[in-house]
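Colleague: Just the structure for this:
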Amino acid sequence: MNAVTNTESAALAAPIGIVQDLDIDAYHSGPGISKTGLDSIDANPAIYYARHLDPQRPPAGTRAGQLEGTLAHCAILEPDEFKARYRMVPADAPRRPTEAQWNAKSPSPESVKAMDWWRQWNADTNGATVITADQYETAMRQADSVRKLPEVAEALARGRAEVSAYWLDPVTGELCRCRPDWEHPCGDNGVILLDVKTCGDASPAEFARQIARKRYHVQDSFYSDGYSIASGKDVMAFVFVAVESEWPYAACALMLDDQGKAQGRAEYRRNLNTYAQCRASGIWPGYSESIQIVNLPKWAITE
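Modeller: Model (predicted):
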């Protein structure tokens with residue numbers, strides 16, 4: 001397969017293969033269906049259309065905890081980039097002026113001094129995202145916990161972060177894409193893929209439940225199959241690296257068994273087939289338009 005390095009053409013065209021150094025926004029706005037899109041199709045095709053195709057759709061908002069997850073990913077996978085992307089406000093920084101102080105016709109000398117400091121700070125950050133001391137400390141602790149896992153530390157010592165993969169689904173012909181957190185070379189023609197997940201409980205039993213709730217098993221199989229097609233290499237393992245969001249930021253590395261992978265493959269296959277049918281027909285059905293009779297779950301009924 002061809003490796004594409006021109007990020008502009010990768011964003012505007014339909015690349016097939018491995019794309020390096022592709023901006024994350026270009027990836028999300030580019031062609032092809034991703035695992036997120038498959039999740040929307042699984043809910044119902046009308047939701048996929050509304051979220052991804054409708055020209056009247058609102059801009060995507062920032063989800064709660066999204067920044068903290070991004071910080072953890074950067075600290076774990078690209079620690080050398082952390083200081084360039086994020087800046088922490090110094091402990092001795094003056095209080096940030098209020099909107100009224102910024103707009104005052106005759107601000108006090110103290111306000112002028114504070115505003116000058118913040119103007120200089122904003123200029124010095126040069127586009128970096130400003131984070132709190134707590135956010136910085138959490139990200140560093142999470143990275144430390146992950147790197148105490150010997151096999152994960154070994155995998156992170158060699159490889160590439162955030163490599164985008166594009167391929168044509170061999171059954172439907174649809175363009176698909178994925179972006180593994182980390183690719184570790186293994187042997188002459190193999191790779192191991194790592195995916196970092198921040199969570200409330202990284203224990204194997206609880207994370208297994210989270211895999212089922214959030215369809216991470218679909219991600220496992222979709223990424224493994226797709227990356228293999230796009231790169232021409234064997235995906236020898238797909239490893240979830242779960243790290244908790246609260247002290248002591250415990251971490252655990254986990255892999256799905258064959259049954260879980262088979263379930264993920266069956267689900268993404270069904271979703272992709274539905275997506276292809278909707279694209280061909282131009283019809284994106286939603287929930288039933290007629291009144292539905294529903295039953296209470298068994299746990300809600302008393303004898």
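Colleague: show me what contacts the residue nearest to Ser111 when sequence neighbours are not counted?
Modeller: Spatial nearest neighbour of Ser111, excluding adjacent residues (CB to CB, 6 or more residues apart in numbering): Gln101 at 4.6 Å. For glycine as for every other residue, the C-beta is placed from the backbone atoms N, C-alpha and C. Counting by CB atoms under 8 Å, 6 or more residues apart in numbering, Gln101 touches Pro107, Ser111, Ala114, Met115.
Colleague: can you tell me the helix or strand for Pro285?
Modeller: Here Pro285 sits in a region with no helix or strand, counting by DSSP states H and E.
Colleague: Quick check: closest non-adjacent residue to it.
Modeller: Nearest one to Pro285, counting by CB to CB, 6+ apart, is Pro45 at 5.6 Å.
Colleague: and the closest residue to Ala161 other than its chain neighbours, how many neighbours does it have?
Modeller: Counting by CB to CB, 6+ apart, Ala161 lies nearest to Leu77, which is 4.3 Å off, once chain neighbours are set aside. Residues contacting Leu77 under the criterion other CB atoms under 10 Å number 21.
Colleague: Per-residue pLDDT of the residue sitting furthest away from the middle of the chain, please?
Modeller: What lies farthest from the middle of the chain is Ser106; by CA atoms, centre = their mean that is 46.6 Å. As predicted, Ser106 sits at a pLDDT of 82.
Colleague: Quick one: low-confidence residue ranges for the stretch 51-200 of the chain.
Modeller: For the stretch 51-200 of the chain, residues meeting the criterion pLDDT under 70 lie at 61-65.
Colleague: thinking again about what came up before, next, work out how far apart the residue nearest to Pro285 and Arg279 are.
Modeller: With distances taken as CB to CB, to the nearest Å, Pro45 is found 10 Å from Arg279.
Colleague: More neighbours: which of these two?
Modeller: More neighbours surround Pro45 than the other of Pro45 and Arg279, with 21 against 15 (other CB under 10 Å).
Colleague: Now do the same contact list for that one.
Modeller: Pro45 makes contact with Thr274, Tyr275, Cys278, Trp284, Pro285, Gly286, according to CB under 8 Å, 6+ apart.
Colleague: I'd like to know which of the residues you listed are buried.
Modeller: Thr274, Tyr275, Cys278, Trp284 (16 or more other CB atoms under 10 Å).
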